[in-house]
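Visitor: Quick check, what structure comes out for this input:
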Amino acid sequence: MEKNKNFLYGIGSLAFEDFTMGYIEKGSFDFGGTKPESVDIDAEQVPDAPVLTLLQKNGQIAPTFNLIQLNYENIAAVLGGKLVGTKPNYTGWEAPSDLVQKSGRWTINLVSGQIITIPNGTILASLAGKLTLTEVAKIECQLKVNKPADGSSPYTINDAPSTTPAGS
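Guide: Predicted coordinates for the structure are as follows:
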């Protein structure tokens, strides 16, 4: 299927550092965030519109999503804590007893062919949902986008590298 680079759509995968997260609940990913902030300067002589607008802050994203594939590694990836057993056959997970901050590089691979990269994101997450026979438990997540230590862009959107073999 030909990708149309005029649109951003579809979560192909979501990764924290080198760990690819499991399934994201359908319809739960939202860019969230805040709109740009500004201050209007009004003049007595000009009653119908501001004479100047001073920008105060750029708009920001703060993506939210629900992680629904709750194997023990996915739980530990967003909530911290301790895995029980040995890799790859973990048998449990223990919640952290101390405050946990999970920050680092996040990548969102889109079905439309782009990659959104957040070099310095902090995940806020909590176990949620209902334990019924008609839905699954989930981890509700919010990704706070922080300024990278090197002062670079807080997030980027780029074309994904081509997966077409050389010489095709």
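Visitor: Now do the buried residues in stretch 21-41.
Guide: For stretch 21-41, the neighbour count (16 or more other Cβ atoms under 10 Å) marks 21-25, 29 as buried. For the C-beta atoms, the positions are set from N, CA and C on the backbone; glycine is no exception.
Visitor: Ok, stretch 59-74 next?
Guide: 60-61, 63, 65-68, 70, 72-74.
Visitor: now stretch 129-144
Guide: 138-144.
Visitor: What is the three-state secondary structure of Gln56?
Guide: Here Gln56 is recorded as strand under DSSP: H, G, I helix; E, B strand; the rest coil.
Visitor: doesn't Lys35 make contact with it?
Guide: No. Applying Cβ atoms under 8 Å, one finds Gln56 not in contact with Lys35, separated by 11.2 Å.
Visitor: returning to that earlier point: now tabulate the buried residues of stretch 129-144 in JSON lines and tack on distance to Ala43.
Guide: Output for those, formatted as JSON lines (distance: Cβ to Cβ, whole Å):
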{"residue": "Lys138", "distance to Ala43": "52"}
{"residue": "Ile139", "distance to Ala43": "52"}
{"residue": "Glu140", "distance to Ala43": "47"}
{"residue": "Cys141", "distance to Ala43": "46"}
{"residue": "Gln142", "distance to Ala43": "41"}
{"residue": "Leu143", "distance to Ala43": "42"}
{"residue": "Lys144", "distance to Ala43": "39"}
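Visitor: Widest-spaced pair of those residues?
Guide: The distance between the two most remote of the buried residues of stretch 129-144 (Cβ to Cβ) is 19.1 Å, for Lys138 and Lys144.
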